[in-house]
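J.: 3D model of this:
(2 chains)
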2 protein chains.
Amino acid sequence: MIFELNRESHTPLYAQIAGQIRSMISGGALKIGDRIPANRELSKVLGVNRTTVNTAYQELFADGLIVSHVGRGTFISAIPSPPRPGRLGQSVAPAPIKWSIPLAPGKPDQWLCAMLHSLTKTDAVSLAYALPSPDLFPIEDFRRSVDRVLRREGARVVDCGHAAGYQPLRDYIASQASLSGRPVSPNQVLITNGCQQSLNLIRQVLVASGDEVVLETPTYSGALSVFCGYDSKYTCVPVGDRGMDLTLLEDALSQRRPRLIYTVPSFHNPTGVTMDLSSRRRLLELAAKYRVPIVEDDIYGDLRYDGPSLPSLRALDVHGVVIHISSFSKIGFPGIRVGWVIGDPALIDALTAAKRKNDLHTNLLSQASMYEFSRHGLLAKHIKRMKKAYAQRRDVMLSAMERYFPAEVGWTRPEGGMSIWVTLPDSVNASQILPESIEKGVIFSPGEHFHPSLSPANHMRIAFTTATPAAIEESIRRLGMLLKTRLTVLKKHRLGRGLDALRPLV
Amino acid sequence: MIFELNRESHTPLYAQIAGQIRSMISGGALKIGDRIPANRELSKVLGVNRTTVNTAYQELFADGLIVSHVGRGTFISAIPSPPRPGRLGQSVAPAPIKWSIPLAPGKPDQWLCAMLHSLTKTDAVSLAYALPSPDLFPIEDFRRSVDRVLRREGARVVDCGHAAGYQPLRDYIASQASLSGRPVSPNQVLITNGCQQSLNLIRQVLVASGDEVVLETPTYSGALSVFCGYDSKYTCVPVGDRGMDLTLLEDALSQRRPRLIYTVPSFHNPTGVTMDLSSRRRLLELAAKYRVPIVEDDIYGDLRYDGPSLPSLRALDVHGVVIHISSFSKIGFPGIRVGWVIGDPALIDALTAAKRKNDLHTNLLSQASMYEFSRHGLLAKHIKRMKKAYAQRRDVMLSAMERYFPAEVGWTRPEGGMSIWVTLPDSVNASQILPESIEKGVIFSPGEHFHPSLSPANHMRIAFTTATPAAIEESIRRLGMLLKTRLTVLKKHRLGRGLDALRPLV
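T.: Sure thing, here's the model as predicted:
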């Protein structure tokens, strides 16, 4: 079996594998009863994730082309029927429509895709996702909240709702946000399906074709898919130890007319860095001076494990320049898809109109259930428990990194959030290490996925939230060994190249 | 109290009312302790819906500016604080950002807005919404399904999910769709937040700036907000007794290069009309000949009350030209926000990438709950019960229309779905009748909201699903009386104008 996989193609790898096996059967290279390699074998040969092969096989299985016999293996069981109706058309004219749709842009999209796809089980320990740990979910508390809501509210929570959100939840979010000292009224709150949708709605309302936005680099890959994927332009401002570089930001603001600044000031994704108080004040002044709104992504804001707590940009905003977004995805449950935007009432009205156009309104049962779960203090209790667990996991990770990582490697020490940003020597490409790392049982996120372009490649994001302390310890040990080996090889190689370079002179 | 309401403004009426009361307090025209008119009084005086005044009052109440005393009325309780921080800025420079955001386009948007807003309680009987009746919701069956899912699946159904949807639900929808005789594989199914989102994703993937689409007129107002709101163009093809006019469609297809045709072939919204079998076949041939995809909105497809059942366009599609969309909103629960797209795998891949960019994935708990509810036959049982009730309500409505509506009025007789389309004499403007109708206790949808432009104005959509048979009977009686009165007045007026026209000659 010879496969030609194109990793640059818009067609996912699993579809390429499935398609090529299908062709081998149609073409006669594979016959009914032929055994095909086990998942593990094929993934090794092709150098792809086992999930990928699994997905390809599942598709062939669903099409009835292969069968599995326990203990014997997987076999070809049918020949694909000639051109499938509704897909490849029938032999009569006219020809079928070709559904080859260009996807733009390739990279962040494919990364998100791969990320969400590989959430299915693998043997490896995942440090790849800045997500809450499902083993900490207070599922019984949540189940009871959902059940109470359905018993009490009945048909109302499954009936058509308002575009701006479930009113008791809007009231609750406004009252919680007002605790910061800067009052928020319920008409300043829009409920969305989470921060990803909030960013899309903000783009739809504020960013027209050709408009420019300011992004931090590195930044949340979902923001890249929103702001770099359409015909909007972007300026990148690097993130340092104290948050985004405000000197470079002022250059960008004074020289261009960006429509917004997107920032994650607290426990920044992916770096874990937090913007200090004086920088927050300065950022707000710059935004007010140049009249550019700030989109403050505060999704990790409640997950501080140590250090003095800092007000959000919204809480400091005397000029009315901040659009604040957050969600229950990190502090509660990501699968519930409930987030929110806090902003000026006129902006919220416009975003609500956009929300209505996009999908009418956010799931009412989820909103009502999260409200019920929150107002009875169960969310606060859950956050308290999570913070304790995540602080421990972060400490285990940092201490393991001290012990196992080579001296040439640097990393951040986040006071909260979910991830650590690792800087490798310039010569090391994190994406190139990943397959070997997965082979050793550790998945991480290569840093390039948090940049709009492929460089720089010498970073990785490792999240400390989803693995147990023991698994973190072991993963970091393995990753450290791998990095040491790789650095040794590179040094030898460089030495070798050095000799090569000398050779002509010899 | 003198109000200046601008019904053309992008600022909603309730916000105008609240803003003007706020100004009256700031300006001293209203003082602390002053009584303001009751909701009912003010709505009558201003000629606006009581919900509108209620929303305005709620906002003032939330801001602490008014209080209500049971049995005494509503009073001014505070003076608005000088320019609110974060909104109007503080007295220090720089000035706050002006959040006056233009909304485009005005009409369908505002209509949807008003529609969803007025879902809050009023005294009037609503025949305005093509929605399932909450009093028929099998909420106890659904509650048990949700509870079973949370007990059995636990953390998995609130954890991060796949962009394409919850796999068991994709499998289930594929298997149900395959019962039509044309097989669907799970990779041809994308789960969305409902048809509104499906339409948006399809637009994002298939329709570029400046591209043209073909719409039926009249059509679903949510589709107008998707396809007429951006810089795409549209061609309108009228709907007749047998569905869209295929001669005019062919003209459009041969003269232009539209990117898609959007149609509701079964129990069309708003007309209730169903496209017959030979027209379905002809439509598919035209789409294949001109290589233009058909978006088949089959959201009412399962709600047939009489007449022979017809295959969907998808089931008849030998050329692979159909993108099929549907949801649980009409047959199950609209607040749950779960719908789906069935299409070519390559298209589904592209739509899945768009879905991921838009909001990562659809709420997992809702998907798993609807799957659980469906696979145990509870959805089928609910549909059976609903069909019986809706058929009865439709019959009560049609028979009341025969008895109470003036002879000049015509209407459709749908074999399924949720609404009847009423054609008034050309001289009657349905929107102008609406306020009086609401006054008489009956809400309907003026026909112009289902057209991309304001004309023609002599139609109304009346839905027979959400009111009880007794309420339907009484509402139609009142609406009939109102129409008779209005027609008599118009005849006298025309007669008067006729005499006026003669006067110069006398």
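
J.: residues from the stretch 351-500 of chain A in reach of chain B?
T.: Taking C-beta under 8 Å from any C-beta of the partner chain as the contact definition, the stretch 351-500 of chain A meets chain B at A:352-353, A:356-366. Quick note: C-beta positions are derived from backbone N, CA and C, even for glycine.

J.: which parts of the longest strand seen in chain A are buried?
T.: In chain A, assigned by DSSP state E, the strand with the most residues is strand A:233-240. Buried residues in strand A:233-240, counted by 16 or more other C-beta atoms under 10 Å in any protein chain shown: A:234-237, A:239.

J.: ok, stretch A:253-260 next?
T.: A:253, A:258-260.

J.: and if you look at stretch A:402-420?
T.: Taking 16+ other C-beta under 10 Å as the neighbour-count basis, stretch A:402-420 is seen to contain the buried residues A:404-405, A:408-409, A:411-412, A:414-420.

J.: just the buried residues of stretch A:253-260: which are in strands?
T.: Using DSSP E, those in strands are A:L260.

J.: distance to chain B and pLDDT for the buried residues of stretch A:253-260 - can I get that in a markdown table?
T.: As requested, those are exported to a markdown table (distance: C-beta to the nearest C-beta, whole Å; pLDDT from 0 to 100):
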| residue | distance to chain B | pLDDT |
| --- | --- | --- |
| A:L253 | 13 | 96 |
| A:P258 | 13 | 94 |
| A:R259 | 11 | 94 |
| A:L260 | 10 | 96 |
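
J.: make TSV out of the buried residues of stretch A:253-260 and add distance to B:A467.
T.: Shown next, in TSV, are the buried residues of stretch A:253-260 (distance: C-beta to C-beta, whole Å):
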residue	distance to B:A467
A:L253	56
A:P258	52
A:R259	46
A:L260	46
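
J.: what's the domain layout of chain A?
T.: A:13-76, A:106-135+A:381-493, A:139-378 (automatic domain parsing).

J.: for whichever strand or helix holds A:I383, packing partners?
T.: If you go by DSSP states H and E, A:I383 is part of helix A:378-404. Counting contacts by 3 or more C-beta pairs under 8 Å, 6 or more residues apart in numbering or on different chains; DSSP states H and E, helix A:378-404 packs against helix A:139-153, helix A:364-375, strand A:419-423, helix A:469-502.

J.: to B:G480, which of these lies closest?
T.: helix A:364-375 (35.5 Å; C-beta to C-beta).

J.: what angle separates the closest one from helix B:139-153?
T.: 70 degrees (axes from the mean of the first three to the mean of the last three C-alpha atoms, to 10 degrees).

J.: so what touches helix A:364-375?
T.: With C-beta atoms under 8 Å, 6 or more residues apart in numbering or on different chains as the test, helix A:364-375 has contacts from A:141-142, A:145-146, A:148-150, A:153, A:156-159, A:161, A:165-166, A:168-169, A:172, A:191, A:328, A:332, A:336-338, A:379-380, B:146, B:335-337, B:363, B:365-366.

J.: and it, average pLDDT?
T.: For helix A:364-375, mean pLDDT rounds to 98.

J.: just stretch A:233-249 next, same as before
T.: 95.

J.: so which of the domains of chain A is the most packed in?
T.: Comparing the domains of chain A by mean neighbour count (mean count of other C-beta atoms under 10 Å in any protein chain shown), domain A:139-378 comes out on top with a mean of 21.

J.: ends of that one, how far apart?
T.: 11 Å (C-alpha to C-alpha, to the nearest Å).

J.: centre of the chain to that domain, how far?
T.: 16 Å (C-alpha atoms, centre = their mean, to the nearest Å).

J.: ok, which stretches of the stretch 1-150 of chain A are helices?
T.: Using DSSP state H, counting those that start in this stretch, the helices found in the stretch 1-150 of chain A span residues A:13-27, A:39-46, A:50-62, A:106-117, A:139-153.
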